[in-house]
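Chemist: Okay, sequence plus prediction incoming.
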Amino acid sequence: MTAAERLIEDQLQSLFEAARLAREQAYAPYSGFKVGAALATPDGAVFAGCNVENAAYPVGTCAEAAAIAAMVAAGGRRIAAILVVGDGAALVTPCGACRQRIREFAGPDTPIHAAGRDGLRRSFTLDALLPFAFGPDNLEGS
Ligand code: THU
């Protein structure tokens, strides 16, 4: 393994660990489906979040939204990579709304990793999950 590959591997491991721990704190009494997310900024800071459901169902929030809010509150404005962890046979990728939330702070090549409780399952780029995305560029100069 090269030094660069080791760095990526280490970052992935920290993201998985942070997301796994956040998932354990998820408040999901209605769906029973706990999700954790963790993102890294370009300077290596890691922010994590979990889903928080609500008796008024539509008010519930996703794990990715929580991780992004934590980053923004700490002054971060750029996502270098993000990992989502959820349970079950099907791959847990960010929902449509969260793909758009990620888009705000990420570029087309930003990695989005989908993990199960036992580790990484599949990696995508943002462009693969949200092609032809609308984003901040659209509003430039308008
Ligand atoms: N959920 C997330 O937090 N992130 C995802 O990527 C997919 C779905 C949450 C929302 C809701 O609390 C539960 O999972 C079931 O949809």
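Modeler: All right, it came through fine.
Chemist: From here on, just use CA atoms for contacts and neighbour counts.
Modeler: Will do.
Chemist: just the helices in this structure please.
Modeler: Using DSSP state H, the helices found in the chain span residues 3-24, 63-73, 96-103, 126-129, 136-139.
Chemist: Next to the ligand, which bits of the chain? Give me the list.
Modeler: Proximity of the chain to the ligand (Cα under 6 Å from any ligand atom) is limited to residues 28, 31, 33, 35, 51, 53, 62, 63, 93, 94, 95.
Chemist: got TSV for those, with distance to residue 82 too?
Modeler: Shown next, in TSV, are these (distance: Cα to Cα, whole Å):
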residue	distance to residue 82
28	21
31	23
33	19
35	13
51	15
53	21
62	14
63	11
93	11
94	10
95	13
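Chemist: Out of the helices of the chain, which is the most enclosed?
Modeler: Stretch with highest mean neighbour count among the helices of the chain: helix 63-73 (a mean of 21; mean count of other Cα atoms under 10 Å).
Chemist: can you list contacts of that one?
Modeler: By Cα atoms under 8 Å, 6 or more residues apart in numbering, the list of residues contacting helix 63-73 from outside reads 35-39, 47-52, 77, 84, 94, 98, 101-102.
Chemist: Apply 6 Å and report the result again.
Modeler: Applying Cα atoms under 6 Å, 6 or more residues apart in numbering, the external contacts of helix 63-73 come out as 35, 36, 37, 47, 48, 49, 50, 51.
Chemist: mind giving me JSON lines with those residues and columns for neighbour count, pLDDT and distance to residue 11?
Modeler: Formatted as JSON lines, those follow (neighbours: other Cα atoms under 10 Å; pLDDT from 0 to 100; distance: Cα to Cα, whole Å):
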{"residue": "35", "neighbour count": "27", "pLDDT": "98", "distance to residue 11": "19"}
{"residue": "36", "neighbour count": "29", "pLDDT": "98", "distance to residue 11": "16"}
{"residue": "37", "neighbour count": "34", "pLDDT": "98", "distance to residue 11": "14"}
{"residue": "47", "neighbour count": "26", "pLDDT": "98", "distance to residue 11": "12"}
{"residue": "48", "neighbour count": "30", "pLDDT": "99", "distance to residue 11": "13"}
{"residue": "49", "neighbour count": "29", "pLDDT": "99", "distance to residue 11": "17"}
{"residue": "50", "neighbour count": "29", "pLDDT": "99", "distance to residue 11": "19"}
{"residue": "51", "neighbour count": "24", "pLDDT": "99", "distance to residue 11": "22"}
